[in-house]
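> here is a sequence with its predicted model. Questions after.
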Amino acid sequence: MAAIHQQVKETYHQLFGSDTDSILSVSPGRVNIIGEHTDYNGGFVLPASINKAVYLAIGWRNDDEVHLYAKDLDEKFSTTISVIQPGAHKEWPAYIVGSAAQFMKKGFALKGFNAVLSSDVPIGAGLSSSAAVECAVVFAINELLNAKLDRIEMLKMAQKAEHEYAGVMCGIMDQFASMMGKKNNVLKLDCRSLEFEYVPFEPAGYKILLLNTNVKHSLASSEYNTRRMECEQAVQWVKEQEPQVNSLRDIDMAMLQKYVLPKSELIFRRSSFVVNENERLHSVCRHLQSGNIAAMGKQMYAAHADISANYEVSCKELDWLVNYVKPHTSVAGARMMGGGFGGCTINIVKEEAIDALVQNIQPAYREAMNLDLSYYIASIDDGTHLM
Ligand code: GLA
């Protein structure tokens, strides 16, 4: 079978005729080694773009119509530029028109366009397929308009599309990872300043194994926004006594114990997870640099225990997967990844042990959860680019 990018080009050609004025952008999904729910708290994350991506063929039209085709879903969608606005579109077209709309907000005049979309980033698996779509669209339209925006500006536009058109008040991690990723490196990103560095990630003999629960509990987006508010509440209580504080980044455990715990045990648990998660991330970076994979993995297990017990965005399927692999010496570390309530666990596994592990865990998961388990071996690849 032809590669996805060829299929997308061919489909574009069949649907919209000559493809001379069309371009093809590719934007990957992401993994995150550690640093969950820290991005919207001004903290650090450690993501990487992977070898699964969204492919978008796109070209101008001579009117103001927008014609979209999602190849994998075999769904068409049409609208006109003049009616694009938040709330007026849903599902996959919302990500595309919402991303295009960001250019109009910046004062660019937009013509109509045709686009064909295909992807091998599994949807609802916590690998940020939506951020990948947004980045692919923004990157491509920047090119078509010759707008010369830099990547940081573009990834912020992609994030705005998610806020305004999907209604999820996500942090910056997913769009940053998709747009800025670099082969064989993770990004150590300071989500407050957006300063970042590439940290080589090639743990000798280990691979990244993603185990997909194949569940996405409906709580995911409402609880996400609730967690944001709970964290803001903690900051507000500390700030009443310590006015210099602006985010959980500026807060330590002593402050939480003094100002938050007496007011709410729940808010204390939420915010203490975030404070500890940042600490764990820094220690993972140190272990990565010294090549201590076992110590890195321990931090991942600790992160999972904390996010499950105190941030409460895990679910029984994710907990089951992490508990299953934990006694296996071939698995250095594992934890739930992304927003939570389903999706994947990320596992750092000795390469030679992967086959046996998958063969054993699949039937066990089916037996325990009555669900199929899918898996992907992710390698770290470059971020958004044209093909
Ligand atoms: C989702 C959001 C990200 C981040 C993670 C949790 O993936 O889109 O911004 O908050 O959840 O770490």
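Looks like it came in fine. Residues are numbered from 1 along each chain as shown.
> going forward, measure contacts and count neighbours with C-alpha atoms only.
OK.
> which residue is the nearest non-sequential neighbour of Tyr259?
Counting by CA to CA, 6 or more residues apart in numbering, Tyr259 lies nearest to Val238, which is 5.6 Å off, once chain neighbours are set aside.
> give me the distance from the host helix or strand of Val26 to the chain's centre.
Secondary structure assignment for Val26, by DSSP states H and E: strand 23-32. For strand 23-32, the separation from the chain centroid amounts to 11 Å (computed by CA atoms, centre = their mean, to the nearest Å).
> is it anywhere near the ligand?
No: shown here: strand 23-32 not in contact with the ligand (CA under 6 Å from any ligand atom), separated by at least 8.0 Å.
> for stretch 288-300, list every residue counted as buried.
Counting neighbours by 16 or more other CA atoms under 10 Å, one finds that the buried residues in stretch 288-300 are Leu288, Ile293, Ala294, Ala295, Met296, Gly297, Lys298, Gln299, Met300.
> same question but for stretch 248-258, I mixed them up
Residues Leu248, Arg249, Ile251, Met255, Leu256 are the ones in stretch 248-258 that count as buried (16+ other CA under 10 Å).
> returning to what we had before: which one of the buried residues of stretch 288-300 sits closest to Val45?
Distance to Val45, by CA to CA, is smallest for Met300 among these, at 13.0 Å.
> for this protein, which residues are neighbours of the ligand?
Glu36, His37, Asp39, Cys170, Gly171, Ile172, Met173, Asp174, Gly338, Gly339.
> rerun at 5 Å
Those residues of the chain that sit near the ligand, judged by CA under 5 Å from any ligand atom, are Glu36, His37, Cys170, Gly171, Met173, Gly338, Gly339.
> excluding chain neighbours, what is closest to the fifth one?
What that stands for is Met173. Taking CA to CA, 6+ apart, and ignoring the residues beside it in sequence, Met173 has Asp39 as its nearest neighbour in space, at 6.2 Å.
> quick one, what contacts the one you found?
When contacts are counted by CA atoms under 8 Å, 6 or more residues apart in numbering, Asp39 touches Val45, Gly171, Ile172, Met173, Cys191, Arg192.
> mind naming the longest helix for the protein?
helix 265-290 (DSSP state H).
> whichever residue of the stretch 201-350 of the chain sits closest to the ligand in helix, strand or coil?
Ranking the residues of the stretch 201-350 of the chain by distance to the ligand (CA to the nearest ligand atom) places Gly339 first, at 3.4 Å. Secondary structure state of Gly339, per DSSP: H, G, I helix; E, B strand; the rest coil, is coil.
> now find how far off-centre the longest strand anywhere in the chain is within its chain.
Determined from DSSP state E, the single longest strand within the chain is strand 47-60. Relative to its parent chain, strand 47-60 has a centroid offset of 13 Å by CA atoms, centre = their mean.
> ditto for stretch 168-181
Here the centre of mass of C-alpha atoms in stretch 168-181, compared against the chain's by CA atoms, centre = their mean, lies 6 Å away.
> start to end distance for it?
Looking at stretch 168-181, the gap from its leading to its trailing residue is 22 Å under the measure CA to CA, to the nearest Å.
> would you map the helices across the stretch 101-250 of the chain?
Under the criterion DSSP state H, counting those that start in this stretch, the stretch 101-250 of the chain carries helices at the ranges 129-145, 151-161, 173-180, 220-241.
> doesn't Asp63 make contact with Ile81?
No: with contact defined as CA atoms under 8 Å, Ile81 does not reach Asp63; the gap is 9.3 Å.
> list residues touching both of these two?
When contacts are counted by CA under 8 Å, 6+ apart, the set common to Ile81 and Asp63 consists of Lys111, Gly112.
> which one of these two is surrounded by more residues?
For Ile81 versus Asp63, the count of surrounding residues by other CA atoms under 10 Å is larger for Ile81: 20 against 11.
> measure the nearest residue to the more buried one once chain neighbours are set aside to Ala109 for me?
Counting by CA to CA, 6+ apart, Asp64 is the residue found nearest to Ile81 once chain neighbours are left out, at 5.5 Å. With distances taken as CA to CA, Asp64 is found 11 Å from Ala109.
> of the two, who's got more company?
Residue environment comparison for Asp64 versus Ala109 gives the larger neighbour count to Asp64, 15 against 10, counting by other CA under 10 Å.
> phi, psi of that one?
As for Asp64, its main-chain torsions (degrees, to the nearest 10) stand at phi -110, psi 30.
> now it: how far from Val45?
Shown here: Asp64 relative to Val45, a distance of 40 Å by CA to CA.
> hang on, the earlier thing: next, format the residues of the chain next to the ligand as CSV and append pLDDT and neighbour count.
As requested, these are exported to CSV (pLDDT from 0 to 100; neighbours: other CA atoms under 10 Å):
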residue, pLDDT, neighbour count
Glu36, 98, 27
His37, 98, 29
Cys170, 93, 22
Gly171, 96, 21
Met173, 98, 31
Gly338, 95, 27
Gly339, 94, 19
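> just how off-centre is stretch 29-43 within its chain?
Distance, centroid of stretch 29-43 to centroid of chain: 8 Å (CA atoms, centre = their mean).
> show me what counts as buried in that stretch.
Under the neighbour-count rule (16+ other CA under 10 Å), stretch 29-43 has 29-43 buried.
> need the nearest residue in space to the residue of the stretch 51-200 of the chain at minimum distance from the ligand, chain neighbours excluded.
The nearest approach of the stretch 51-200 of the chain to the ligand comes at Gly171, 3.4 Å away (CA to the nearest ligand atom). Distances taken as CA to CA, 6+ apart put Tyr40 closest to Gly171, at 4.6 Å, once the chain neighbours are dropped.
> okay, the closest residue to Phe113 other than its chain neighbours: pLDDT?
Here the nearest residue to Phe113 in space, its sequence neighbours aside, is Trp60; by CA to CA, 6+ apart that works out to 4.3 Å. As summarised for this prediction, Trp60 has a pLDDT of 95.
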